[in-house]
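K.L.:
below are the sequence and a predicted model; questions follow.
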Amino acid sequence: MIKNFQEIINQAKKVALSSEEKKTIRVGLELFMAKPPVRNTSLIRHLWQERSKVNISLRPLMNKLQYMVIALIITLVLGGSVSFAAESTRPGDILYPIKVGVNEEVGDWLAISNQAQAKWDARRAERRLEEAEKLAVEGRLDAAVRAEIESRFASHAQAFQERAEKIEAKQNSGAALEINSDFEASLRAHERVLAQLASEETNNRGEAGLLLAEVRSRLNATAEARTNVEARVIAAEANAESKAAAEGKFKAAENKINEVRGFITQVKSAVSADAYVQAQAKLKVATDVVLRGKAEIEAQTYGKALASFQEAIRIAQEAKLLVATEQRIDLEIVVPTNIPAQAQAEINSEAEQDTPDDTAVEAELNVELETEVEPDDSTLIETEGKVKIDIGL
Amino acid sequence: MKPDVKKKFLAAYDQYADPLFRHCYFRIYDREMAKDLVQEAFFRTWSCLIKNEEIKNIRAFLYRVLQNLIIDAVRKKKPLSLDQLLDEGFEPADKAAPDLIQRLAAKEVGQKLALLAEPYRSAVLMRFIDELSPKEIAKVLGLSENLVSVRIHRGVNRLKQLLEALEEKTKQF
């Protein structure tokens, strides 16, 4: 019978783990220390409940899914067609908020990994620039719209930069190099287009110029980030892993060049000869860079080789964007070919009456095409008429 | 992270696993859960260490983590009245205890310590059984050193009173 306080203390001290229990916990601890599992600190662990690995790894996804389900229901109720129609809108259109607030947010939720999210952020930034370019071509890029686009672009680019830094902090230099490099290629292409728009004698040149400044600063930041990561990749020691990475990248670079070559050939007729030649020249440079990378693989400098292949991919992508951008803007004034027979007959008769005038009109149309000015609705009808004459000749 | 951190951490385990377990056991009277909580406390402390968080006093830190885990566990557990349990013949001893001495000690000490209510019990436990300094206890509980000293003092007096009262009762029979 324990009677006094001191005895309680002495007796209590006898309570301990058995040596076996102590050993078991120690082994568990050593295992945990050797490879600590990824834990979500926001999760409250129910210690006496059975631990479910599925629950832990799927929880963040489930949180996202809840919102996705709500968004999906809204989208379904409103009709998928609204969401689809919203895709081609620009700032100022009624459905534009659906495009940036629903469609793109859903895209954001669908991108789970950091890399996928970074790519989506980059894509969103690009979409803003594409909208701005289209509006500038149409002469609708006023100060308010430009400010909206610029702020959205800046926030997407900022999100991209943060994600890229996160990826790099996780020691994934290869992935960080890839996304920075891709985004740089895209920004460079848009910078060229905006520079052209800003130099043209249009109403929107001032606004295009302001946007251009923002894009340039982002381009510089991205290029700098890319250079830094590149330096780190080059400095990484050569081992089997880096060799495999370099060889994988080599295949990727070759595929990219082949893809771009195919694309350029395909759209050759739709773009200006100048753009075609420039793109081919860029592709040539990319091929040379791949050869340089191959030599670096042989010299066992895998980091350098990886950086070279990534550079080749970037140059090839720039070549693709060069023709793609021109094609995209030209697409807006593509001529419908299915002309009703009656209308064609009318045009034919008209054409017979007054041939010299038509040639002048045709010349005028060519000028319009070259300056890449997209006609507004009223001129579009006019253009169609003119082109019909062209076919009639 | 320095290479000897791992070694030091395992040494800390060897040194403090028993006192931590003891502390936890006399707080929740459940041997299995006490083992779980002690292991979890070490896991969490290690997770903090590898995030390069500076831990000045590993012992106090471990107690603090364990303290939080105990609070969480007690909150989630179905509330039980200890008085009621004792009246019904509750025996806090554990069948799983490794040997007879431990089982008896755990049973008797557990019954006596259970007489002392919180927050005095944890203060007395930490001061006399775990032999933490009042300063360390203050750190673990997030209280002032002064308040901790008061609780220890009152806890000891109260326990002594309770023991005397219990003895009187047994003498009468």
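P.N.:
Sure, I can see it.

K.L.:
okay, now the unreliable bits of chain A?
P.N.:
Scanning chain A for pLDDT under 70 picks out A:1-3, A:36-64, A:78-80, A:83, A:201-203, A:329-393.

K.L.:
by proximity to chain B, which residue of it wins?
P.N.:
Nearest residue of chain A to chain B: residue A:18, at 3.6 Å (C-beta to the nearest C-beta). No exception for glycine: its C-beta is placed from N, CA and C like everyone else's.

K.L.:
if I pick residue A:247, what's in contact with it?
P.N.:
By C-beta atoms under 8 Å, 6 or more residues apart in numbering or on different chains, the residues touching residue A:247 are residue A:297.

K.L.:
name the element the residue lying closest to residue B:124 once chain neighbours are set aside belongs to?
P.N.:
Spatially, and ignoring its direct neighbours in sequence, residue B:124 is nearest to residue B:155 (4.0 Å; C-beta to C-beta, 6 or more residues apart in numbering or on different chains). According to DSSP states H and E, residue B:155 maps onto helix B:145-172.

K.L.:
what average pLDDT does that helix get?
P.N.:
Computed over helix B:145-172, the mean pLDDT rounds to 83.

K.L.:
buried ones in the helix or strand hosting residue A:147?
P.N.:
Per DSSP H and E, residue A:147 falls inside helix A:143-169. Neighbour counts using 16 or more other C-beta atoms under 10 Å in any protein chain shown place A:145-146, A:148-150, A:152-154, A:156-157, A:159-161, A:163-164, A:167-168 of helix A:143-169 among the buried residues.

K.L.:
list phi and psi for residue B:117.
P.N.:
The phi and psi values for residue B:117, taken as degrees, to the nearest 10, are phi -90, psi 160.

K.L.:
who's in contact with the residue positioned nearest the centre of chain B?
P.N.:
In chain B, the centroid-proximal residue (C-alpha atoms, centre = their mean) is residue B:23; its distance is 2.2 Å. Each residue near residue B:23 by C-beta under 8 Å, 6+ apart is listed here: B:63, B:66, B:125, B:126, B:129, B:130.

K.L.:
and the fifth one, how far is that from chain A?
P.N.:
By that I understand residue B:129. 5 Å (C-beta to the nearest C-beta, to the nearest Å).

K.L.:
residue contacts, that residue?
P.N.:
By C-beta under 8 Å, 6+ apart, the neighbours of residue B:129 are A:9, A:12, A:13, B:19, B:22, B:23, B:26.

K.L.:
let me know the secondary structure of residue A:112.
P.N.:
coil (DSSP: H, G, I helix; E, B strand; the rest coil).

K.L.:
and the helices in chain B?
P.N.:
B:4-28, B:31-50, B:58-76, B:82-87, B:100-113, B:120-124, B:134-141, B:145-172 (DSSP state H).

K.L.:
pLDDT weak spots in chain B?
P.N.:
Those would be B:1-3, B:77-106, B:173, if you go by pLDDT under 70 across chain B.

K.L.:
okay, and residue A:245 sits in which element?
P.N.:
Short version, using DSSP H and E: residue A:245 is in helix A:240-266.

K.L.:
now that helix: buried residues?
P.N.:
Residues of helix A:240-266 classed as buried: A:242, A:245-246, A:249-250, A:253-254, A:256-257, A:260-261, A:263-264 (neighbour count, 16+ other C-beta under 10 Å).

K.L.:
residues touching residue A:325, list them.
P.N.:
Neighbouring residues of residue A:325 by C-beta under 8 Å, 6+ apart: A:133, A:189, A:190, A:192, A:193.

K.L.:
now stretch B:148-168: buried residues?
P.N.:
B:148, B:149, B:151, B:152, B:155, B:156, B:158, B:159, B:163, B:166.

K.L.:
that should have said stretch B:55-75, apologies.
P.N.:
B:58-67, B:69-70, B:72-73.

K.L.:
so which residue is smack in the middle of chain A?
P.N.:
With distances taken as C-alpha atoms, centre = their mean, residue A:123 lies nearest the centre of chain A, 2.8 Å away.

K.L.:
burial measure for the closest residue in space to that one that isn't next to it in sequence, as a count.
P.N.:
Of all residues not flanking residue A:123 in the chain, residue A:107 sits nearest, at 7.9 Å (C-beta to C-beta, 6+ apart). Other residues near residue A:107 come to 14 when the count uses other C-beta atoms under 10 Å in any protein chain shown.

K.L.:
which helices and strands sit right next to the helix or strand residue A:107 falls within?
P.N.:
Taking DSSP H and E as the definition, residue A:107 sits inside helix A:104-110. When contacts are defined as 3 or more C-beta pairs under 8 Å, 6 or more residues apart in numbering or on different chains; DSSP states H and E, helix A:104-110 sits against helix A:53-78, helix A:114-138.
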